[in-house]
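Novice: Prediction below, plus the sequence it came from.
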Amino acid sequence: MSATTHAQWSSRMGFVLAATGSAVGLGNIWKFPYMVGQSGGAAFVLVYLLCIALIGVPILVSEWMIGRRGQKNPINTMAQLARQHGHTRNWALVGIVGVLAAFLILSFYSVIGGWALAYMRDAATGAFSGLDKGGIGAIFDGFLARPGELLSWHTLFMALTMIIVAMGVSSGLERGSKVMMPALALILVVLVGYGMTTGSFGQAVAYLFNPDWTKLDGSVLLAALGHAFFTLSLGMGIMMAYGSYLGEDVNLLRAARTVVIMDTTFALCAGLAIFPIVFANGLDPAAGPGLVFVTLPLAFGNMGGGLVLGSLFFLLLTFAALTSSISLLEPVVELLEERTPMNRVTATVVAGLTIWALGIAALLSFNLWGDVKLAGLNIFDLLDYITSKFMLPLAGLGAIVFAAWKLEQNSVKQELNLGNTGFAVWSILARYVAPLGVLYVFWNNL
Ligand code: PFF
Ligand code: NA
């Protein structure tokens, strides 16, 4: 490692925990199910799984490799590596797009993190007890119709994120996730079990895994691809930044396997918990961003121990959201710290407040500004669209093209610890399958 090596993860475990903490979040439990519902089910799910395996994994590993070589923030890392290999500094754009995307994503991510907080209170106060789908739906609709309340919860979530980042205690949070993530997984399993009692479990399984390929079109492809990036925190420079703290002893492919399996399992379990409730109650799978908030409370409100389980679920969901949101704020703060005279606290306040303000525009999409639309999308959907469906795949494409075509490939082979056959497979994936896959999906949507 170079003399400028900065601090490293104290252990392999710390790295994997941080990467998993960033990956597992609202994307798995809130976003994945509603995207499945909006895209019509299994065809989306299967394409999504393909995108994770064939595109997501190689890009995840590429970002880590680049970060480990560069040892700096994503923008400087890309610029420096490009220079070392005789390429233009324009590669820094990969890092720039990434940090910008993190900034935009956090604005609306925090709004939904606020929903999770609000629902923790509702669950704890027994607001869901004994309600039917009409009652649960009314709670959600009423909540969305009160911008002041949405603002308070968004503010609280953003404040928590800022406090953790400003104090630099992310690692404490990540250690906490050792307990919290398994607990969240356990509740999801209980909810899947509850789904089995609804009488609609089979229908949900078929909906998730038995594809109707006529549902597949260019926009579903793009949604699946974009979500693969979002859910694995790719294309944002985040995994690159984590890679810069990596010691040489960490086996990247093994680490990637752990992160991806965890992330995918959480998403699929969320689907298996939510869709039985959707079908058993005749709810609309395509209900959109509110889906998890109008289904799971139905279960909590009507099962024994639902009060405790429901509060705990939304507490843990908030926790998972926080380990992701800090990973979104970190790169923005680091950039400010490095490029301006600001110290960490000032940088956190400046970045946080700006993101918070943009979040207000996002939350007003659900009420006062519902009709403010660009190209048919409200501000919330627009922020989601340009990040997931455009910026992330583009930045991720840049990262993998760089790793597969510009880095010295012998060193990559050694680093990945692969034999000839393994490395041949890696090369085919990283040089052709993943980049062409991204381009194909883009081209399909032109
Ligand atoms: N991967 C996180 C999730 O699925 O909830 C969201 C996220 C975190 C996206 C960090 C992007 C990111 F940089
Ligand atoms: Na995720």
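Specialist: Structure received. Ligands and ions are numbered 1, 2, ... in the order given.

Novice: burial count for the closest residue to ligand 2 within the stretch 201-350 of the chain?
Specialist: Using C-beta to the ion, the point where the stretch 201-350 of the chain gets nearest to ligand 2 is Thr231, with a distance of 3.4 Å. Every residue, glycine included, has its C-beta placed from N, CA and C. Neighbouring residues of Thr231 were enumerated by other C-beta atoms under 10 Å; the total is 28.

Novice: Leaving out chain neighbours, which residue sits closest to it?
Specialist: Gly27 (4.2 Å; C-beta to C-beta, 6 or more residues apart in numbering).

Novice: residues touching the one you found, list them.
Specialist: By C-beta atoms under 8 Å, 6 or more residues apart in numbering, the residues touching Gly27 are 227, 230-231, 267, 324.

Novice: Swap in 10 Å and give it another go.
Specialist: By C-beta atoms under 10 Å, 6 or more residues apart in numbering, the contact list for Gly27 reads 35, 105, 109, 112, 227, 229-233, 263, 266-267, 270, 320-321, 324, 388.

Novice: What residues does the chain have near ligand 2?
Specialist: 23, 27-28, 231, 263 (C-beta under 5 Å from the ion).

Novice: mind redoing it with 6 Å?
Specialist: 23-25, 27-28, 231, 263 (C-beta under 6 Å from the ion).

Novice: does the closest residue to ligand 1 within the stretch 301-446 of the chain sit in a helix, a strand or a coil?
Specialist: For the stretch 301-446 of the chain and ligand 1, the shortest gap (C-beta to the nearest ligand atom) falls at Ser324, measuring 3.8 Å. Assigned by DSSP: H, G, I helix; E, B strand; the rest coil, the conformation of Ser324 is helix.

Novice: residues near the closest residue to it other than its chain neighbours, how many?
Specialist: For Ser324, the nearest residue in space outside its immediate sequence neighbours is Gly25; the separation is 3.3 Å by C-beta to C-beta, 6+ apart. Burial of Gly25 is recorded as 28 neighbouring residues (other C-beta under 10 Å).

Novice: okay, Gly25: pLDDT?
Specialist: Among the per-residue scores, Gly25 shows a pLDDT of 98.

Novice: do the same with Ile136
Specialist: We have a pLDDT of 98 for Ile136.

Novice: my read: it touches Ala123, true?
Specialist: No. With contact defined as C-beta atoms under 10 Å, Ile136 does not count as touching Ala123 (11.4 Å).

Novice: which residues do those two both contact?
Specialist: Residues touching both Ile136 and Ala123 (C-beta under 10 Å, 6+ apart) are 296-297, 300-301.

Novice: From the centroid of this structure, which residue is nearest?
Specialist: Nearest to the centroid of the C-alpha atoms of the chain, with distances taken as C-alpha atoms, centre = their mean, sits Thr231, at 3.4 Å.

Novice: wait, that one sits on Asp263?
Specialist: Yes. Judged on C-beta under 10 Å, Thr231 makes contact with Asp263 at a distance of 5.8 Å.

Novice: what do those two both touch?
Specialist: By the contact definition C-beta under 10 Å, 6+ apart, Thr231 and Asp263 are jointly contacted by 23-25, 27-28, 32, 52, 56.

Novice: hang on, the earlier thing: ok, the residue nearest to Thr231 to ligand 1 distance?
Specialist: Using C-beta to the nearest ligand atom, to the nearest Å, Gly27 is found at 2 Å from ligand 1.

Novice: That residue - that's part of a helix, no?
Specialist: Yes. With three-state DSSP as the criterion, Gly27 is part of a helix.

Novice: what's the spacing between it and Ala270?
Specialist: With distances defined as C-beta to C-beta, to the nearest Å, the gap from Gly27 to Ala270 amounts to 10 Å.

Novice: And Val47, by the same measure?
Specialist: Distance check for Val47 against Ala270: by C-beta to C-beta, it reads 18 Å.

Novice: the more surrounded of these two?
Specialist: More crowded of Val47 and Ala270, by other C-beta under 10 Å: Ala270, with 25 against 22.

Novice: related to what we said a few turns ago, export the shared contacts of Ile136 and Ala123 as a markdown table, with columns for pLDDT and neighbour count.
Specialist: Supplementary listing: these in a markdown table, determined by pLDDT from 0 to 100; neighbours: other C-beta atoms under 10 Å:
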| residue | pLDDT | neighbour count |
| --- | --- | --- |
| Leu296 | 98 | 30 |
| Pro297 | 98 | 28 |
| Phe300 | 98 | 28 |
| Gly301 | 97 | 22 |
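
Novice: So which of the residues you listed sit within helices?
Specialist: With helices defined by DSSP state H, the entries of the shared contacts of Ile136 and Ala123 inside them are 296-297, 300-301.
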